[in-house]
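>>> I would like to see how this sequence folds:
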Amino acid sequence: MTGSESGRSRATDAVAVREARPAERVAVRRVLDAAMLEPGDVAGAIDRGDALVAVADDTVLGALVLDPRDRGAHVEAVAVRRSRRGQGIGTALVEAAAERADRLTADFDPGVRPFYESLGFEIEPTGEGEERLRGTI
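Now for the predicted structure:
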């Protein structure tokens with residue numbers, strides 16, 4: 001791996017995590033749509049380098065979109081294809097995002113709290129009731 005690729009590419013069991021490419025816009029949107037997530041301007045995130053993908057054999061298996069307002073330090077959305085969940089792909093995406101920032105945050109529903117806790121996020125209510133939580137690592 002060259003110096004320019006370090007921090008941008010990470011491989012785990014034939015799954016590589018890297019910045020999404022413009023040609024992958026539709027695939028990224030499909031993964032996010034299947035998880036019923038609406039992170040906003042996905043195309044813009046890809047163009048800015050604020051979207052990561054997990055790929056194997058040129059197939060997008062998962063995607064993570066970072067919020068540019070927080071200088072790429074807030075997870076706007078993370079999703080993995082249903083058939084590939086539970087295989088560490090979401091973990092690899094979040095870990096790659098955490099490597100890009102001094103501090104990473106995410107707002108999420110209580111149902112995914114165990115996922116963020118397993119990654120070492122400190123969790124607290126967002127102040128919007130018990131419906132949303134915020135994690136920081």
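
>>> Can you list the buried residues in the helix or strand encompassing Ala98?
Here Ala98, judged by DSSP states H and E, is contained in helix 89-99. In terms of neighbour count (16 or more other Cβ atoms under 10 Å), helix 89-99 has its buried residues at 89-98. (C-beta placed from N, C-alpha, C; glycine too.)

>>> Give me the mean pLDDT for the helix or strand just after it.
Beyond helix 89-99 on the C-terminal side, the first helix or strand identified by DSSP H and E is strand 105-108. The pLDDT scores in strand 105-108 average 93.

>>> Can you mark which positions in the following helix or strand past strand 105-108 are buried?
Using DSSP H and E, the helix or strand that follows strand 105-108 towards the C-terminus is helix 113-118. Counting neighbours by 16+ other Cβ under 10 Å, one finds that the buried residues in helix 113-118 are 115-116.

>>> does the residue nearest in space to the middle of the chain sit in a helix or strand, and which one?
The centroid of the chain falls nearest to Leu64 when counting by Cα atoms, centre = their mean (2.4 Å). Assigned by DSSP H and E, Leu64 falls within strand 59-66.

>>> which residues sit against that strand?
15, 20, 24, 27-28, 30-32, 39-40, 42, 45, 50-55, 72-81, 84, 89-90, 92-94, 96-97, 100 (Cβ atoms under 8 Å, 6 or more residues apart in numbering).
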